[in-house]
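Novice: Next one to model:
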Amino acid sequence: MAETERVQVVSPGRTYVGRQGFTYGAGASAETVGAAHVCMNVLPMPPGIRAKVHYHEGIETIAYMLEGSCAVHYGERLEHRVEVRQGEQIFIPADVPHAPSNESGAPCTWIVVHSSGSDQDGIVLLPELDRLLAERLGG
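Specialist: This next block holds a predicted model:
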């Protein structure tokens with residue numbers, strides 16, 4: 001198939017539940033357009049929700065805060081926390097444990113890009129760090 005025949009538009013409305021514990025708006029990915037090296041999805045986060053602590057083995061992440069704000073806990077023991085606000089981007093290198101956590105009291109929406117065809121590639125869940133983060137956040 002010629003590369004020009006592979007050009008596709010992804011319409012809104014399709015969703016999926018990721019291993020991170022969120023419902024995503026499906027974007028361009030291996031699953032929707034056959035992407036091999038990059039994917040982009042929409043992540044709406046209601047207030048009070050947080051991801052399961054995880055990292056992406058060998059895969060980089062860039063996320064743009066489309067609206068709202070959200071905390072991201074990261075590091076080997078989640079010892080770091082940064083607040084990402086509307087219009088800002090965050091880069092998370094491959095293999096860095098992290099968990100976005102909407103502690104703002106209002107909804108937020110991310111645009112998330114990974115250096116892999118699917119955001120579900122290479123995910124390693126870290127339940128021991130989930131417990132640690134729950135204790136820190138009081139629940």
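
Novice: Residue 28 and residue 37 touch, don't they?
Specialist: No: using C-beta atoms under 8 Å, residue 28 is not in contact with residue 37; the gap is 11.4 Å. For every residue, glycine as well, the C-beta is placed using N, CA and C.

Novice: For those two, indicate the residue with more neighbours.
Specialist: Taking neighbours as other C-beta atoms under 10 Å, residue 28 and residue 37 compare with residue 28 leading, 18 against 9.

Novice: Return the per-residue confidence for that one.
Specialist: Residue 28 carries a pLDDT score of 92 in this model.

Novice: Pull the contacting residues for it.
Specialist: 8, 10, 35, 38, 39, 40 (C-beta atoms under 8 Å, 6 or more residues apart in numbering).

Novice: Can you tell me the element residue 43 falls in?
Specialist: strand 39-45 (DSSP states H and E).

Novice: outside of whatever helix or strand comes next after that strand, which residues touch it?
Specialist: Note on strand 39-45: by DSSP H and E, the next helix or strand toward the C-terminus is strand 54-56. The contact list for strand 54-56 (C-beta under 8 Å, 6+ apart) reads 19-20, 92, 94-99, 114, 116, 119, 121-126.

Novice: What average pLDDT does strand 54-56 get?
Specialist: Strand 54-56 comes out at a mean pLDDT of 97.
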